[in-house]
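Chemist: would you be able to build a 3D model of this:
(chains A and B)
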Amino acid sequence: MLIDLLIKTIVILVVLNGVLAFGGFLTWVERKQSAVMQDRIGANRASILGFRLWGLFHILSDGIKMFAKEEFTPTTEYRKLFWLAPFISWFFALTAFAVIPFSDTISLWGKELTLQIANPEIGILFVFAMMGMSIYGVILGGWSSSNNYALLGAMRASAQMISYEVALAASVVGPLIVFGTLNMQKIVEWQGQTYGGWLPLWGVVVQPLAFLLFITAGAAETKRVPFDLPEGESEIIGFNLEYSSMRFGAFMFTDFVEKILVSCLTVTVFLGGWQVPFLAESGFVYGPETLLPLDIRLVWLLRAAAFLVKVCIVIYVLMLVRWTLPRFRYDQLMRLGWKFLLPLAFANIVVTAAVVFILNS
Amino acid sequence: MGKITVKKIDTRPTLTFLERTYLKEILRGLWITNLHFVVNIFFHILHLFGIRTRRKGAVTIQYPEEHRGYHRRLRTSHYLTKREDGSPRCVGCMMCETVCPAHCIFITAKEHPDPNVEKQAYSYTIDMGRCVYCGFCVEACPEDAIRMDSGHLEISAYSREEMVYPIDRLLKIEHDPKPYKDYGKYLEEFLR
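Modeler: Next up, the predicted model:
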């Protein structure tokens, strides 16, 4: 009993700290990737004892800067809400990671070990519930600032997030019909099948349209460029106008955490989660024959690493989009969400349901 | 009464359905930026392992360590020229002080030991914080005693008092022209 509790605590700490560290790392990746894409070098001046390490210390210096800056609170009747809002965003973004299956389940020392905090049957619904709740952080932040611009920004942000929440959830229904389950581990296990013995049946293979819709809506949901109207860094004022210091940092960090979340979801539902093609529990197999027998623990490690690599690739693509495309206008954004993504997602659901029904009967 | 007709010119191209979705163009844009990333990171990695190539991984000039250089006609910090014996060439004629539109030059003259020279500067002060770098002082000087091609642009201080350069400081500034690199050619080399 106690040992189970200990194992769970360790898993939670690993996932939580891993996500936070990865989020911090992403601030560096974002800078460097954009710099290299634009033939620049990027931030490389922060150093410790003369070591610059390609600007990796800028993560640290940013953190110190955020904490050391002046904390400004506007005169507002909702002081407590104002203080709470960034952490509401942060809390819900992090809670959603509870059901993400970072790795396979392994039986060691009579215990079932997995890098997943909880595995409820409603797994993916939980993630969407938490993502929907993160709107509260944004709208409370804008509302409690007692600033009309911040309020307008918050209205704009919540309108966008709710619109794309619908498209996001609708686009994922197609794959869920195919998988026939909401359980995250079972979704990943389903994707371990192959078609004709060579093509891994990942979500992107069975549902290519849903994949595109999901990525687009996911980028909009996490307020990334080209859908960054809620923030509008310099031109249109966003909901976080009155925030400064670490409270602003919490909002910014939530963005990075949400980006990881969307990438993890994409990988889980569409890119086979921790599945490596042709890697079974006994090693690499092709058809009936085993090509390379591997230890079960090594397979487990390989699968966890595969998940991380896939997440990195998705994040690379999201950042590529972010540094390539200009921002949408607000009406274009709404048109894309309601008139383009949503009908396509519904069409995808109908077609998928029909095909699955015909194949099963 | 004739009806006025307006000629309508519609130069906007009619887009096909595929073009209106912008998918192709988005993918093309992503491909371009991706190519930039891959090529640049390839050269960055080569340099990391000490392999020198003519093309660099980035067009960045790392400013304090690396200098792009200035054009020789650029007006930079003033300096006072010297005679062969090391004394300032300035004869205290007040030409530069008179012509200065910013009133930032302050000269006190005194008698020169050589009767052929008549005067020399007892003090020669330039308030760099007020100077507008018009170069009139250099043009006005009959003795070529003040020049503005030192190649020093990093003129900064923590207080206004430190921005006032006295004569001994102006004499110490060295003529240090930095060779000018044509950035266009540099870019061409990078993009090849």
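
Chemist: show me the contacts for the residue nearest to residue A:79 when sequence neighbours are not counted.
Modeler: Once flanking residues are discounted, residue A:79 sits nearest to residue A:73: 6.6 Å by Cβ to Cβ, 6 or more residues apart in numbering or on different chains. C-beta here means a position set from N, CA and C on the backbone, and glycine is covered the same way. Residues near residue A:73 by Cβ atoms under 8 Å, 6 or more residues apart in numbering or on different chains: A:79, A:82-83.

Chemist: need the residues of chain B near chain A, please.
Modeler: B:26, B:29-30, B:32-34, B:36-37, B:40-41, B:44, B:57-60, B:62, B:190 (Cβ under 8 Å from any Cβ of the partner chain).

Chemist: which of those fall within helices?
Modeler: Using DSSP state H, B:26, B:29-30, B:32-34, B:36-37, B:40-41, B:44, B:190 are the members of the residues of chain B next to chain A that sit in helices.

Chemist: residue A:46: which of those is nearest?
Modeler: Proximity of these to residue A:46 was ranked by Cβ to Cβ; the top entry is residue B:44 with 18.6 Å.

Chemist: contacting residues around the closest one?
Modeler: By Cβ under 8 Å, 6+ apart, residue B:44 lies in contact with A:36, B:57-58.

Chemist: cutoff 7 Å now
Modeler: Residue B:44 makes contacts with residue B:57, as judged by Cβ atoms under 7 Å, 6 or more residues apart in numbering or on different chains.

Chemist: quick one: which of the ones in helices among the residues of chain B next to chain A has the most company?
Modeler: residue B:40 (23 neighbours; other Cβ atoms under 10 Å in any protein chain shown).

Chemist: that one contacts residue B:55, correct?
Modeler: No: counting by Cβ atoms under 7 Å, residue B:40 stays clear of residue B:55, with 9.6 Å between them.

Chemist: so what's residue 123 up against?
Modeler: All of this is about chain A. Contacts of residue A:123 by Cβ under 7 Å, 6+ apart are A:99, A:182-184.

Chemist: not quite, go with chain B.
Modeler: Residues in contact with residue B:123, defined by Cβ under 7 Å, 6+ apart, are B:107-108, B:166-167.

Chemist: show me what counts as buried in stretch B:106-117.
Modeler: B:107, B:109 (16 or more other Cβ atoms under 10 Å in any protein chain shown).

Chemist: pull that stretch out as CSV, backbone CA atoms only.
Modeler: Output of stretch B:106-117 as CSV, limited to C-alpha atoms (Å, rounded to 0.1, in the frame of the first residue of the first chain):
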residue,chain,number,x,y,z
PHE,B,106,34.6,76.0,-25.4
ILE,B,107,38.1,77.4,-26.0
THR,B,108,40.4,79.5,-23.9
ALA,B,109,43.4,80.7,-25.8
LYS,B,110,46.8,81.6,-24.4
GLU,B,111,50.1,82.9,-26.0
HIS,B,112,52.3,80.5,-27.8
PRO,B,113,56.0,80.6,-27.1
ASP,B,114,56.7,80.6,-30.9
PRO,B,115,55.9,84.1,-32.2
ASN,B,116,55.1,82.7,-35.6
VAL,B,117,52.2,80.8,-34.2
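
Chemist: contacts for stretch A:218-227?
Modeler: Contact with stretch A:218-227 is made by A:131, A:160-161, A:164-165, A:168, A:230-231, A:255, A:258-259, A:262, A:266, A:318, A:321-322, A:325-328, A:333, A:337, as judged by Cβ under 7 Å, 6+ apart.

Chemist: just the buried ones from the residues you listed?
Modeler: Here, 16+ other Cβ under 10 Å leaves A:131, A:160-161, A:164-165, A:168, A:230-231, A:255, A:258-259, A:262, A:266, A:318, A:321-322, A:325, A:327-328, A:333, A:337 buried among these.

Chemist: among the residues you listed, which ones are in helices?
Modeler: Using DSSP H, the buried ones among the contacts of stretch A:218-227 in helices are A:131, A:160-161, A:164-165, A:168, A:255, A:258-259, A:262, A:266, A:318, A:321-322, A:333.

Chemist: what is the nearest of these to residue A:198?
Modeler: Once Cβ to Cβ is applied, the member of these that ends up nearest residue A:198 is residue A:266, at 23.5 Å.

Chemist: gap between the spatially most central residue of chain B and residue A:213?
Modeler: Centrality entry for chain B: nearest residue to the mean C-alpha point is residue B:70, 5.8 Å, by Cα atoms, centre = their mean. As defined by Cβ to Cβ, to the nearest Å, residue B:70 lies at a distance of 54 Å from residue A:213.

Chemist: what of residue A:332?
Modeler: Taking Cβ to Cβ, one finds residue A:332 at 17 Å from residue A:213.

Chemist: and the average pLDDT for the top strand by length along chain B is what?
Modeler: Looking across chain B with DSSP state E, the single longest strand is strand B:119-127. Across strand B:119-127, pLDDT averages out at 92.

Chemist: after that strand, which helix or strand is next?
Modeler: On the C-terminal side of strand B:119-127, the closest following helix or strand by DSSP states H and E is helix B:136-140.

Chemist: can you show me the strands along the stretch 201-350 of chain A?
Modeler: Taking DSSP state E, counting those that start in this stretch as the criterion, the stretch 201-350 of chain A carries its strands at A:279-280, A:283-286, A:289-293.

Chemist: tally of neighbours for residue A:317?
Modeler: The burial count for residue A:317: 16, using other Cβ under 10 Å.

Chemist: and the gap between it and chain B?
Modeler: 8 Å (Cβ to the nearest Cβ, to the nearest Å).

Chemist: distance of that residue from residue B:96?
Modeler: For residue A:317, the distance to residue B:96 - Cβ to Cβ - is 62 Å.

Chemist: tell me how far stretch B:136-143 is from the chain's mean position?
Modeler: Distance of stretch B:136-143 from the chain centroid (Cα atoms, centre = their mean, to the nearest Å) equals 22 Å.

Chemist: how about the CA coordinates for that stretch, as PDB?
Modeler: Only the C-alpha atoms of stretch B:136-143 are listed here, as PDB (Å, rounded to 0.1, in the frame of the first residue of the first chain):
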ATOM      1  CA  PHE B 136      31.200  72.200 -39.200                       C
ATOM      2  CA  CYS B 137      34.100  72.500 -36.800                       C
ATOM      3  CA  VAL B 138      36.300  70.300 -39.000                       C
ATOM      4  CA  GLU B 139      35.400  72.400 -42.100                       C
ATOM      5  CA  ALA B 140      36.000  75.700 -40.300                       C
ATOM      6  CA  CYS B 141      39.400  74.800 -38.900                       C
ATOM      7  CA  PRO B 142      42.100  76.600 -40.800                       C
ATOM      8  CA  GLU B 143      44.900  74.500 -39.200                       C
END
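
Chemist: pull the residues that contact that stretch.
Modeler: B:89-91, B:93, B:95-96, B:99-101, B:105, B:146-148.

Chemist: how is chain B carved up into domains?
Modeler: B:17-48, B:79-172 (automatic domain parsing).

Chemist: just name the most buried of these.
Modeler: Stretch with highest mean neighbour count among those: domain B:79-172 (a mean of 15; mean count of other Cβ atoms under 10 Å in any protein chain shown).

Chemist: which stretches in chain B count as helices?
Modeler: B:17-20, B:23-48, B:95-99, B:136-140, B:167-172, B:183-191.

Chemist: possible to save those as CSV with mean pLDDT?
Modeler: Converted to CSV, those look like this (pLDDT from 0 to 100):
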stretch, mean pLDDT
helix B:17-20, 81
helix B:23-48, 90
helix B:95-99, 94
helix B:136-140, 94
helix B:167-172, 90
helix B:183-191, 69
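
Chemist: could you point out which of those helices sits nearest residue A:190?
Modeler: Per Cβ to Cβ, nearest to residue A:190 of the helices of chain B: helix B:23-48, 28.9 Å.

Chemist: where along the stretch 101-250 of chain A do the helices fall?
Modeler: For the stretch 101-250 of chain A, helices defined by DSSP state H, counting those that start in this stretch occupy the ranges A:123-143, A:148-179, A:184-190, A:203-206, A:208-221, A:245-270.
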